[in-house]
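have a look at this prediction, sequence included:
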Amino acid sequence: MIDWLAHRLELAEGADLAIDHALLDWLADGVGLGHSPAWLVHVRSLTGDATGALGILDEVFPDAAYSLVRGNGSTHRFTLLPAGDGRPYTAEARHPANAVIAAVLRAFAADAAHSLQPIERAAG
């Protein structure tokens with residue numbers, strides 16, 4: 001679902017209520033905010049809203065470094081480097097807010113996949 005959401009965000013022209021609904025489900029269930037006060041902050045528009053997108057970034061990766069660069073034409077490239085992770089996560093979208101959220105989704109998915117990897121035990 002995360003890959004689908006990231007892809008849809010990159011293709012969206014701006015605000016998209018269907019994507020907003022899926023993002024709210026992800027924040028509630030995937031991130032674990034439930035329907036807490038922190039979740040309620042994001043109930044307003046998410047896609048196409050820079051303030052909402054940066055709020056999600058701060059909620060999921062509070063100590064991350066990031067950059068936003070306007071590319072050729074009307075695209076925006078967002079690069080996210082979560083604290084303690086040497087891998088950058090990028091997304092390109094027409095609206096900068098959508099690029100931010102797509103990169104957050106990719107970093108979250110990679111972090112979740114990494115935490116599910118079996119722990120290697122020393123031979124002995």
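Good, I have the coordinates.

lowest-confidence helix or strand of the chain?
helix 37-41 (a mean of 75; mean pLDDT, DSSP states H and E).

list the buried residues for that helix?
Trp39 (16 or more other Cβ atoms under 10 Å). Quick note: C-beta positions are derived from backbone N, CA and C, even for glycine.

now swap in stretch 86-105 and tell me
89, 91, 93-105.

do stretch 39-49 as well
Those would be 39, 42, 46-49, for stretch 39-49 by 16+ other Cβ under 10 Å.

repeat for stretch 7-20
Buried residues in stretch 7-20 (16+ other Cβ under 10 Å): 8-10, 12, 15-16, 19-20.

follow-up on the earlier one: in strands only, show me the buried residues of stretch 86-105.
89, 91, 93 (DSSP state E).

of those residues, closest to Met1?
Nearest to Met1, judged by Cβ to Cβ, of those is Ala91 at 16.0 Å.

tell me what angle the helix or strand where Ala110 lies forms with strand 89-93.
If you go by DSSP states H and E, Ala110 is part of helix 96-115. Relative orientation of helix 96-115 versus strand 89-93 (axes from the mean of the first three to the mean of the last three Cα atoms, to 10 degrees): 150 degrees.
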